[in-house]
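In: here is my input; please provide its structure:
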Amino acid sequence: MGEKPRLRKYYDEVIVKDLLPKYGNSLAIPLLEKIVVNAGLGGSASNRDIMEAATGGLKVITGQKPIVTRAKKSVSGFHLRAGNPVGLKVTLRKDRMYEFLDRLINVAIPRIRDFKGFNPDSFDGHGNYTFGVSEQFIFPEIEYDQIKEVFGMDITLVTTADTDEDARDLLKRFGMPFKVKGV
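Out: Have a look, this model is predicted:
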């Protein structure tokens, strides 16, 4: 087994020690459970070349091959049939999850133009945080020449926190850049 990811070490050595007095038990301290990256391709998903390019791009970004998500129902207004591909999804856990989060926070997010921070109120009420990225170019692994179509993605950080405040505190300790209220 190789070296632990940097953020995992930071969680084990710093965050757990800081939060232990608050929770009293190390097993009660919230932790990051998984990261789900979802890229909806819409009408482009039926084009085989664009689907393969998007699959390759998401694989390079996450380090894991995405699965194809398919429509559950037919919707005639969108020319969509049940079972047709509509997007891609990757679920990251353990070391890959921490390595992706480290690259996201320290490399990709600073490359977003006019970035003022993520909305601190975008939690779902169960300690999970979802935000959107409008294009894949913020990741340095992506080469501009190889892109056939620009696609955005939704990234969900799933935690074991019971409340949104606990999850927000955990993500802030990892270095997640939230907007400051009132500024």
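In: next one: residue 166 relative to residue 47, how far apart?
Out: Computed as CB to CB, to the nearest Å, the residue 166 to residue 47 distance reads 43 Å. Any C-beta I mention is one placed from the backbone N, CA and C, and that applies to glycine too.
In: looking at the two, which is more packed in?
Out: Neighbours were counted for residue 166 and for residue 47 using other CB atoms under 10 Å; residue 166 has more, 19 against 15.
In: contacting residues around the helix or strand where the more buried one lies?
Out: Taking DSSP states H and E as the definition, residue 166 sits inside helix 164-174. Residues outside helix 164-174 that contact it (CB atoms under 8 Å, 6 or more residues apart in numbering) are 7, 10-11, 14-15, 18, 30-32, 101, 105, 120, 123-129, 157, 159, 161, 178.
In: if we use 6 Å, what do you get?
Out: Residues outside helix 164-174 that contact it (CB atoms under 6 Å, 6 or more residues apart in numbering): 15, 30, 123, 127, 159, 161.
In: shaky segments in this protein?
Out: 1, 43-46, 78-80, 143-148, 182-183 (pLDDT under 70).
In: tell me the SS of the residue nearest to residue 135 when sequence neighbours are not counted?
Out: Take residue 135 and drop its neighbours on the chain: the residue closest to it by CB to CB, 6 or more residues apart in numbering is residue 150, 5.0 Å away. Here residue 150 is recorded as coil under DSSP: H, G, I helix; E, B strand; the rest coil.
In: just the helices in the protein please.
Out: 6-10, 16-23, 48-62, 94-103, 164-174 (DSSP state H).
In: could you export those helices as a markdown table, including distance to residue 36?
Out: Formatted as a markdown table, the helices of the chain follow (distance: least, CB to CB, whole Å):
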| stretch | distance to residue 36 |
| --- | --- |
| helix 6-10 | 17 |
| helix 16-23 | 24 |
| helix 48-62 | 10 |
| helix 94-103 | 10 |
| helix 164-174 | 15 |
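In: quick one: closest of the ones you listed to residue 42.
Out: Nearest to residue 42 among the helices of the chain is helix 48-62; the distance by CB to CB comes to 10.3 Å.
In: so which residues make contact with that closest one?
Out: So helix 48-62 is in contact with 37, 39, 41, 44-45, 65-66, 88, 90, 100, 136, 139, 141, 148-149, 151, going by CB under 6 Å, 6+ apart.
In: which of those residues sits closest to residue 110?
Out: residue 139 (11.7 Å).
In: so what's the residue count around residue 55?
Out: Residue 55, neighbours per other CB under 10 Å, totals 17.
In: re the thing from before, what separation do you get for the residue nearest to residue 135 and residue 63?
Out: In terms of CB to CB, residue 150 sits 21 Å off from residue 63.
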